[in-house]
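In: Give me a 3D structure for the following:
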Amino acid sequence: MNSDNHKKLLNLVFKLLIFVLLAIFVVWQGVFFLLLLLLLFLVIFTSYHLDWGWYVLVFLSPMINWVISFEDYWYFFQDYPTLLNINAPAVDFWLVLLLSSFIFCLVRKWFQGKKVDIKFPVFGLYLLFLLSAILSIFSIPSGAESIGLKYILRFILLIYFGFIFLGSNIVKDKKILDRSLITLASVGVLASVMGLVSFFLGVGVEVYGIPRSTPFAIGGWIPFGFQHIFLAETITTALPIMLLFWYRAHDKKIKNIWAGLALFSLFIGLMTLSRAAWVTIAFSSILFIFLIRDKINLSEIIKKYVWLSAVVLPIFFYLLYFMSSSWLVTSSTNTRWYLTEIALYLFSTHPIVGNGIGTFLHELNDIEFFWYEIGDLTDAHGILQKIISEQGLLGLITFGLFIGYIVYKLYKKFKINSLSNETGVYSLLGIFLITVPLTFQLFSTQYYTAKMWVPIGLAVVIYLFLYRLKKEKP
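Out: Modelled structure (predicted):
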C-alpha cells in the first residue's frame, strides 16, 4: 500500500471514529447534545462567512418582537430545567452566535500566523457612557446592585460590542455596506407590505373611519409585534436608505422602483397614525432641507408645489383633530405624561449619577399611583427620560458626547463633499441613520435594542472605515 492510499485510509478511519463518538454522545446525552453540535457547526461556518452573518443580524434587527423562549422547546432542555427560563428576541440569540463566530475567526487567524486587525471605534467616548452606568450602581440600595450589573452586561456592553464593534470589523468595503443597507431597507418594505395587508384583514383599529396599518402574526411568527408603532419604527429607519439608492440609481427603471418603494413605505408609515412616526418624518424633512439649503431654491420649490397644500392641509388638520380627541390617543398621552413626571421625580432624587442603570421598572413597581391610574408596568417612555432617571446628568452628558461626536464628524464630511460625490451622499445618510431612530426613541421604549443601534453602527462604519476625507470625482 503506497503512502497516498495509507493516508486516505487513515483519514477515513478518523472520520468514522468521529462519527461513532458523536453517535454515542447523542445517544448518551440526547438531543441537547445534538443541538450543541449544530450550533458549533453554525458558529464555525459563520466564522468563514462573517458578512453573511452580519446580513442576518441586520435583517433581524427591526424584529425585536420575534421572541424565542426555550420553554417552547422543552424537549431540547428537559434535562436542564434552569435553561427553560431563557427567552430573548431572535436577533439577540443571533448576535451572541455572531460574536462567537467573530472570536473563532480571530483565533483561527492567530493560529495561522495571519495579521489580526481589530478596531474599537469611538470606544473612548462610549467608555464614558459605560462608566456613568457603573457609577449609577452606587445609588442602588445595598443588596440589589446585581440589577445594574446585569443590565450593563445585557444591554450597555452588548450594544457596543454587538452592533458598533462587530459592524466596524465585519463591514470592510462598500459592497458589504450596500448589501447591509439594502437588507435593512428590505425589512422596511416587508413591514410596509404587512401594513398594507392589515387593511384588508381588518386587524387594525379604525380611528374615525381611517384604518390604521398594524402588524399581525403570521402563524406563530410575530416579527413586528402587534402594535402600530413597531411598524412605524422600522419604516422610518428604512426610508432614508431607499432615498439614497433612488438618488444613486442611474438606470431609470431602477430609479423608479426605489422611488415607488419609498412613496409606498412613506404612505404606510403615515397610515400607522403613529405620532412618533409623524414627528420623526417631519423633523427629518426639515433637517434634510436645512442640510441641503445651499443646493436648492426653497422659494421656487414652494411656489411650484404650493398646490399640494390644498391636498395635504385638510388631511393634516383632520388627523390633528384625531390626535386631540381620540380616547386612544388621550390615554396614551396620559401614560406618557405620568411616566415623564415619574422620570423627572426620580431624576430630582439623584440628579448627578441617577438612581441606577436598569432600575426604572423596579422604581415604578413601588409607585402605587401608577398602578392605580395605568396598571401595566412599562419602561420610561423616551430615551431622555430613561437616561436622566437612571444615570442622571452624567449619563445624559456622556451619551450626548458619544452621539454628538459621530453626527458632528459625519456633518463635517458632508459639508466638505456635499452631494458632489459618494462620500458626501453616504455621510448625509449616516446622519439620518442616527437622527431618525434617535428621534423616534424620544417617544418610545426600544432605545437599548438592535432596532436603534444597528443603524447607528452602520453610521459609524460609513464615517470611520469607508469614506475617509478624500477627493473623489463627482
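In: Now the element after the helix or strand containing Leu131, going C-ward?
Out: For Leu131, the enclosing helix or strand under DSSP states H and E is helix 123-136. Using DSSP H and E, the helix or strand that follows helix 123-136 towards the C-terminus is helix 146-151.
In: which helices and strands sit right next to that next one?
Out: helix 123-136 (3 or more C-beta pairs under 8 Å, 6 or more residues apart in numbering; DSSP states H and E). In short, each C-beta sits where N, CA and C put it, glycine included.
In: Contacts for the helix it packs on, please.
Out: 148, 151-152, 156-157, 160, 164-165, 350, 353-357, 390-392, 394-395, 398-399, 401-402, 405 (C-beta atoms under 8 Å, 6 or more residues apart in numbering).
In: Tell me how far the helix holding Leu131 lies from the chain's centre.
Out: Taking C-alpha atoms, centre = their mean, to the nearest Å, one finds helix 123-136 lying 20 Å from the centre of the chain it belongs to.
In: Mean confidence (pLDDT) on it, please.
Out: In this model, helix 123-136 has a mean pLDDT of 95.
In: Okay, buried residues for that helix please.
Out: For helix 123-136, the neighbour count (16 or more other C-beta atoms under 10 Å) marks 125-126, 128-130, 132-133, 135-136 as buried.
In: again, but for stretch 185-198
Out: If you call a residue buried by 16+ other C-beta under 10 Å, then stretch 185-198 has these buried ones: 185-192, 194-195, 198.
In: Now it - C-alpha only, PDB.
Out: Extracted C-alpha coordinates of stretch 185-198, given in PDB (Å, rounded to 0.1, in the frame of the first residue of the first chain):
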ATOM      1  CA  ALA A 185     -34.400  48.600   3.500                       C
ATOM      2  CA  SER A 186     -35.900  45.300   2.600                       C
ATOM      3  CA  VAL A 187     -37.200  44.900   6.100                       C
ATOM      4  CA  GLY A 188     -38.800  48.300   5.800                       C
ATOM      5  CA  VAL A 189     -40.500  47.100   2.600                       C
ATOM      6  CA  LEU A 190     -41.700  43.900   4.400                       C
ATOM      7  CA  ALA A 191     -43.100  46.000   7.200                       C
ATOM      8  CA  SER A 192     -44.900  48.200   4.700                       C
ATOM      9  CA  VAL A 193     -46.400  45.200   2.900                       C
ATOM     10  CA  MET A 194     -47.600  43.900   6.200                       C
ATOM     11  CA  GLY A 195     -49.200  47.300   6.900                       C
ATOM     12  CA  LEU A 196     -51.000  47.200   3.600                       C
ATOM     13  CA  VAL A 197     -52.200  43.700   4.100                       C
ATOM     14  CA  SER A 198     -53.600  44.700   7.500                       C
END
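In: can I get the CA coordinates of stretch 153-171 in CSV?
Out: Extracted in CSV, the C-alpha atoms of stretch 153-171 (Å, rounded to 0.1, in the frame of the first residue of the first chain):
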residue,chain,number,x,y,z
LEU,A,153,-23.9,43.2,30.7
ARG,A,154,-27.2,42.6,28.9
PHE,A,155,-27.6,45.9,27.2
ILE,A,156,-24.9,48.6,27.6
LEU,A,157,-21.9,46.4,26.8
LEU,A,158,-23.8,44.3,24.2
ILE,A,159,-24.9,47.4,22.4
TYR,A,160,-21.3,48.5,21.7
PHE,A,161,-19.7,45.1,21.0
GLY,A,162,-22.7,43.6,19.2
PHE,A,163,-23.6,46.4,16.8
ILE,A,164,-20.8,49.1,16.7
PHE,A,165,-17.8,46.9,17.2
LEU,A,166,-19.0,44.0,15.1
GLY,A,167,-20.2,46.2,12.3
SER,A,168,-17.0,48.1,12.1
ASN,A,169,-14.9,45.0,11.9
ILE,A,170,-17.1,43.0,9.5
VAL,A,171,-18.2,45.7,7.1
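In: got the contact list for that stretch?
Out: Contacts for stretch 153-171 (C-beta under 8 Å, 6+ apart): 50-51, 53-54, 57, 92, 95, 98-99, 102, 118-123, 126, 129-130, 133, 176-177, 180, 357-358, 448, 450, 453-454, 456-458, 460-461, 464-466.
In: hang on, the earlier thing: same list (the buried residues of stretch 185-198) but as a markdown table, adding pLDDT and distance to Lys252.
Out: Listed next are these as a markdown table, based on pLDDT from 0 to 100; distance: C-beta to C-beta, whole Å:
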| residue | pLDDT | distance to Lys252 |
| --- | --- | --- |
| Ala185 | 97 | 20 |
| Ser186 | 96 | 22 |
| Val187 | 96 | 26 |
| Gly188 | 96 | 23 |
| Val189 | 96 | 20 |
| Leu190 | 96 | 25 |
| Ala191 | 95 | 27 |
| Ser192 | 95 | 23 |
| Met194 | 94 | 29 |
| Gly195 | 93 | 28 |
| Ser198 | 90 | 32 |
